[in-house]
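>>> predicted model and sequence follow; I will ask about them next.
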Amino acid sequence: MTMTAHSLAEDRDPMLPRLFRVEKVRRDLSDTFTMELLAEDGWEFVFRPGQFNMLYVFGVGEIPISISGDPADRSCLVHTTRAVGQVSQALNALKAGDSIGVRGPFGTAWPVESAYGRDLVFVAGGVGLAPLRPAIYHAMSNRDRYGRVMVLYGARTPEDILYKKEVERWRGRFDMDVLVTVDRATGKWSGNVGVVTNLVMKGGFDPQQATAFICGPEVMMRYGAQAMEKRGVGRDHIWLSMERNMKCGCGLCGHCQWGPHFVCKDGPVFRYDRVADLFSVSEL
C-alpha cells in the first residue's frame, strides 16, 4: 500500500518551504550531482522510498526531485539530479553552507512492504537509479523478508554509470545480484553491452513470484514493463515512477495531469496495470 506525505509529516502548510542547509555537494557525472542537506531547525526528515521533494533556490525557482538517500537515516536529506535546466543548474552551483527551501515529501512510494516474501527486481536506466536507491537500501536492510533481490542497471557508457563505487559494492554482496549493461562500450569495458531490457530477458528470478520496480526514461520504462510481462510478471506486480511536469507537488496547479491522474498526487509511483494504456497515447 502506498502512502502520501501528509500521513507522514507534521501538520504543515504544504506550500511553505522549510529551510535546509547544504552540507555537501558531490559531482557524480559530468552533468549529475548529489546534494546532502540538513534542516536548519534540526528537524528529522521522514520519507518513504519513491517520494519526492520540491527544492527551491531563492530568486530562481523550484523543481521536483526524488529523494535518493537511505530512508532509515532521518538526519540527512539526499537528492541526486542532472543539471539540465535553470533551477537544477542553480542547485549545482550551490556550495556547502548555502541555504535552500524544501517542500515535501510528496507523492506515492514504492510498495516495498507488499513485496515481502517475493523476488524483488529493480530495473533502472541512467539517473533513474537515484529514485530507486532508497528502495534498494530498504531491501538490503530487510534482506530476510525477500526472495531473490536483483538490480538491473543500464547506462549510456561506462563513464555514465551512476554511483559507480556503490554499485561495485552491491555487486560484491552474496545476497543480491547486480547486472550492469551499457549502450556503448568504451575504454576497458568488458561487461554487458545493450539495452537494459536484455537483462530482464536473461532471467535469474521467478516471474510468478516477482515484483518489479522500474525507473528511467519513459521509453525505457515502457519497454522494460513489456519485457517483464513477456517474462511472465503480472501487470499488478510491475511499478513505474513517472516524474513529469510537476510544479506544485500537491495537485493544485494541474500542470502534471497525465490522463485521469495527477503525477504529483496519484504518483509518481504507479502500478503498471493502471497506466499501461496511457503509454500508447501519443503526446499525452
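Received the coordinates, thanks.

>>> which SS class is the residue of the chain most remote from its centre?
Distance to the chain centre peaks in the chain at residue 188, reaching 28.9 Å (criterion: CA atoms, centre = their mean). State at residue 188, reduced to three classes by DSSP: H, G, I helix; E, B strand; the rest coil: coil.

>>> what's the first helix or strand after the helix or strand encompassing residue 230?
Using DSSP states H and E, residue 230 sits in helix 218-231. Note on helix 218-231: by DSSP H and E, the next helix or strand toward the C-terminus is strand 238-241.

>>> helices or strands up against that following strand?
Applying 3 or more CB pairs under 8 Å, 6 or more residues apart in numbering; DSSP states H and E, one finds that strand 238-241 contacts strand 210-215, helix 218-231, strand 269-271, helix 272-275. For glycine as for every other residue, the C-beta is placed from the backbone atoms N, C-alpha and C.

>>> for the shortest one, which strands pair with it and how are they oriented?
Within its sheet, and counting by DSSP bridges, strand 269-271 is paired with strand 238-241 (antiparallel).

>>> who's residue 29 bridged to?
With DSSP bridges as the criterion, residue 29 is bridged to residue 32.

>>> for it, what are its contacts?
Counting by CB atoms under 8 Å, 6 or more residues apart in numbering, residue 29 makes contact with 159, 160, 162.

>>> could you tell me which of these count as buried?
For these, a burial check counting by 16 or more other CB atoms under 10 Å picks out 160, 162.

>>> between the contacts of residue 29, which is closest to residue 197?
residue 160 (17.5 Å; CB to CB).

>>> now that closest one: phi and psi?
Backbone torsions of residue 160, given as degrees, to the nearest 10, read phi -100, psi 10.

>>> distance check, the nearest residue to it once chain neighbours are set aside against residue 162.
Once flanking residues are discounted, residue 160 sits nearest to residue 29: 6.0 Å by CB to CB, 6 or more residues apart in numbering. Distance of residue 29 to residue 162, given as CB to CB, to the nearest Å: 7 Å.

>>> again with residue 56
24 Å.

>>> in the chain, which spans are helices?
Taking DSSP state H as the criterion, the chain carries its helices at 86-92, 129-141, 164-171, 197-202, 218-231, 263-266, 272-275.

>>> dump those to TSV, plus mean pLDDT and distance to residue 257.
TSV is the format used below for the helices of the chain (pLDDT from 0 to 100; distance: least, CB to CB, whole Å):
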stretch	mean pLDDT	distance to residue 257
helix 86-92	95	21
helix 129-141	98	21
helix 164-171	97	35
helix 197-202	92	28
helix 218-231	95	16
helix 263-266	76	8
helix 272-275	93	13
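
>>> can I get those helices in a markdown table with distance to residue 40 and mean neighbour count?
Shown next, in a markdown table, are these (distance: least, CB to CB, whole Å; neighbours: other CB atoms under 10 Å):
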| stretch | distance to residue 40 | mean neighbour count |
| --- | --- | --- |
| helix 86-92 | 17 | 18 |
| helix 129-141 | 23 | 23 |
| helix 164-171 | 28 | 13 |
| helix 197-202 | 43 | 18 |
| helix 218-231 | 36 | 19 |
| helix 263-266 | 25 | 23 |
| helix 272-275 | 38 | 18 |
